[in-house]
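*Asks:* The sequence isn't on hand, but the structure is:
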């Protein structure tokens with residue numbers, strides 16, 4: 001072999017070695033998952049980021065499986081254990097709808113599960129609710145599917161709502177170059193439907209009997225104080241059966257908050273829930289969502305964001321409600 005050929009072979013090997021390493025690591029993870037599944041089925045738990053995870057594990061309710069406490073796959077760590085005697089698999093999906101859908105799909109594809117609980121914090125878009133409250137929505141809408149139109153552009157007839165940016169001009173209303181935003185429905189693919197034939201769908205409902213079970217959570221005593229000097233004015237409560245919204249944006253604008261509530265009747269705004277619900281049902285699995293109000297989505301006075309003050313409190317209250325729901329969930333409530 002010539003010197004040039006040796007150099008080319010070495011360069012080729014440098015590119016291949018990482019790929020072989022990744023493939024080998026994935027095969028090991030899949031082998032562990034196969035062993036884990038022998039003890040299934042499990043209840044899947046999906047949260048979003050570290051503050052929610054810290055509050056959840058701070059309860060001490062999660063007991064690791066001594067043999068396979070976790071398995072790492074695609075940069076995510078799936079933790080295996082028990083809560084209230086029930087076998088669970090937990091993952092932190094990361095912020096945004098792509099992360100949420102990907103983690104949900106991995107959960108249902110790879111693990112032997114019978115249903116999913118998604119939980120975390122959210123913005124509050126409903127003035128009748130307060131920071132610290134925990135909501136269990138009955139359905140979600142994706143408010144991030146837009147047709148962004150020209151000024152005076154015609155909104156497609158199939159779109160479900162519109163926002164005219166000119167209505168928010170200051171000091172007076174009038175035309176501007178940002179035009180209008182028209183909201184679209186989802187193109188939903190499901191195992192229950194025909195392959196490659198999408199359904200037009202606006203609202204994605206959680207599992208009915210799980211939602212009914214959640215109504216018994218409304219008397220839970222929730223935390224009111226972050227610390228000895230920072231407490232909420234009102235006692236937090238659990239509210240079941242409202243509507244929620246999801247989009248790939250953090251809402252911190254009071255006018256847009258009001259628009260969401262007035263147009264869609266939603267009480268919460270987050271960045272993951274509709275993706276989890278849609279992916280779960282697309283694959284035929286039951287799902288419920290539990291979200292804690294950490295901020296007013298821009299409705300607060302002043303420049304301080306409520307989430308900086310109350311994120312830990314909202315996460316703690318969500319964890320309490322999730323644990324109580326798991327405790328109540330029984331085999332007879334599995335939908336198959």
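*Replies:* Good, I have the coordinates. Everything numeric in this text was worked out from a predicted model, so none of it was measured. Residues are numbered from 1 along each chain as shown.
*Asks:* Just checking: what are the partner strands of the strand or helix carrying residue 119?
*Replies:* In this structure, residue 119 sits in strand 113-124 according to DSSP states H and E. In the sheet, strand 113-124 lines up against strand 42-47 (parallel), strand 268-270 (antiparallel), strand 287-295 (parallel) (DSSP bridges).
*Asks:* Which among the ones you listed is found nearest to residue 148?
*Replies:* strand 268-270 (19.4 Å; CB to CB). (Glycine included, C-beta is placed from N, CA and C.)
*Asks:* thinking again about what came up before, could you dump the strands paired with strand 113-124 to CSV with distance to residue 54?
*Replies:* CSV is the format used below for the strands paired with strand 113-124 (distance: least, CB to CB, whole Å):
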stretch, distance to residue 54
strand 42-47, 10
strand 268-270, 18
strand 287-295, 14
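*Asks:* Between those, which one is closest to residue 308.
*Replies:* strand 287-295 (8.4 Å).
*Asks:* where do the helices sit along this structure?
*Replies:* Counting by DSSP state H, one finds helices in the chain at the ranges 3-37, 50-58, 97-110, 208-214, 254-264, 273-282, 306-328.
*Asks:* Does residue 271 touch residue 251 like I think?
*Replies:* No. Residue 271 is not in contact with residue 251 according to CB atoms under 8 Å; the separation is 9.1 Å.
*Asks:* ranking the helices of the chain by burial, who's on top?
*Replies:* helix 273-282 (a mean of 26; mean count of other CB atoms under 10 Å).
*Asks:* Show me what that one packs onto, helices and strands only.
*Replies:* helix 97-110, strand 113-124, strand 139-142, strand 186-188, strand 203-205, strand 243-246, strand 287-295 (3 or more CB pairs under 8 Å, 6 or more residues apart in numbering; DSSP states H and E).
*Asks:* Off-centre distance for that helix?
*Replies:* Relative to its chain's centre, helix 273-282 lies at 9 Å (CA atoms, centre = their mean, to the nearest Å).
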